[in-house]
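Enquirer: next comes the sequence, and after it the predicted model I'd like to discuss.
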Protein chains: 2
Amino acid sequence: MIVNKLKDLRENKMKQAERSEDWTQEGLALRLGVTRQTIISMEKGTYNPSLVLAFKIAHEFGVAIEDIFEYRDDTNES
Amino acid sequence: MIVNKLKDLRENKMKQAERSEDWTQEGLALRLGVTRQTIISMEKGTYNPSLVLAFKIAHEFGVAIEDIFEYRDDTNES
DNA sequence: TTTAAATGTAAAGTTTACTATACGTTAAGT
DNA sequence: ACTTAACGTATAGTAAACTTTACATTTAAA
């Protein structure tokens, strides 16, 4: 499974960024070329982004994919 | 778009690895939990892996996602 | 306390990743 | 030349990512 820090990162941007409206779900969605629904579902963990979208997100936040998304092997979960 | 070094990396493993059969398309597919078709299509660039699969691939090769997959913005291509 | 921006929820439809199956081609060993 | 492992191609089907639309809830400011 994949866990992500999307919501936390975005909310931090909302607080700290000069142009906070750039970091609303809608603002981010626009720049990423996806819908707000897609942002919501990713933040909730309903589904994982495609690799392309993961790259775009990492680029928007100025970090590496691994800084936002973490893979956890759960093949043998109790 | 995304370009990847999958085929090169795998072929290098075929030559250099002790157990070369681990790095055939089929051997790799088995360990990744996908079909050989999936490997073929990724190596051809027919489609991109999901983020989960990209993580698994990076793990198998012992590198970061960014070492295998590269994102290239092609929104304004001539 | 109303207004509006931001967030949340739900459900049906489209696109793309991935499977399953089957058969053809290449390369290397014997 | 024959065999066989590895690779390639094609195509129909399933699953998951993503869109579209519509409406409901929260939050903060006027």
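Expert: Received it, and whenever you're ready, just let me know what you need. Numbering: from 1, shown residues only, chains lettered A, B, ... in the order given.
Enquirer: please make it C-alpha for all contacts and neighbour counts, starting now.
Expert: Noted.
Enquirer: the helices in chain A, which residues?
Expert: Secondary structure of chain A (DSSP state H): helices located at A:6-16, A:25-32, A:36-44, A:51-61, A:65-68.
Enquirer: for these, which one sits closest to chain B?
Expert: helix A:51-61 (4.7 Å; CA to the nearest CA).
Enquirer: buried set for that closest one?
Expert: Applying a neighbour-count criterion of 16 or more other CA atoms under 10 Å in any protein chain shown, one finds A:51, A:52, A:53, A:54, A:55, A:56, A:57, A:58 buried in helix A:51-61.
Enquirer: ok, now stretch A:22-42?
Expert: Of the residues in stretch A:22-42, those buried (16+ other CA under 10 Å) are A:22-26, A:28-29, A:32, A:36, A:38-40, A:42.
Enquirer: do it and chain B meet?
Expert: No - Stretch A:22-42 lies out of reach of chain B by CA under 8 Å from any CA of the partner chain, never closer than 10.8 Å.
Enquirer: as a whole number, average confidence for that stretch?
Expert: Stretch A:22-42 comes out with an average pLDDT of 97.
Enquirer: circling back: of the buried residues of helix A:51-61, list those near chain B.
Expert: Filtering these for proximity to chain B by CA under 8 Å from any CA leaves A:51, A:52, A:54, A:55.
Enquirer: ok, so of the buried residues of helix A:51-61, who is nearest residue A:4?
Expert: Ranked by distance to residue A:4 (CA to CA), the buried residues of helix A:51-61 are led by residue A:54 at 10.4 Å.
Enquirer: tell me how many other residues crowd residue A:44.
Expert: For residue A:44, the neighbour count with other CA atoms under 10 Å in any protein chain shown is 14.
Enquirer: actually residue A:62, not the one I wrote
Expert: Neighbour count for residue A:62, taken as other CA under 10 Å: 10.
Enquirer: please report phi then psi for it.
Expert: Main-chain dihedrals, residue A:62, degrees, to the nearest 10: phi 70, psi 30.
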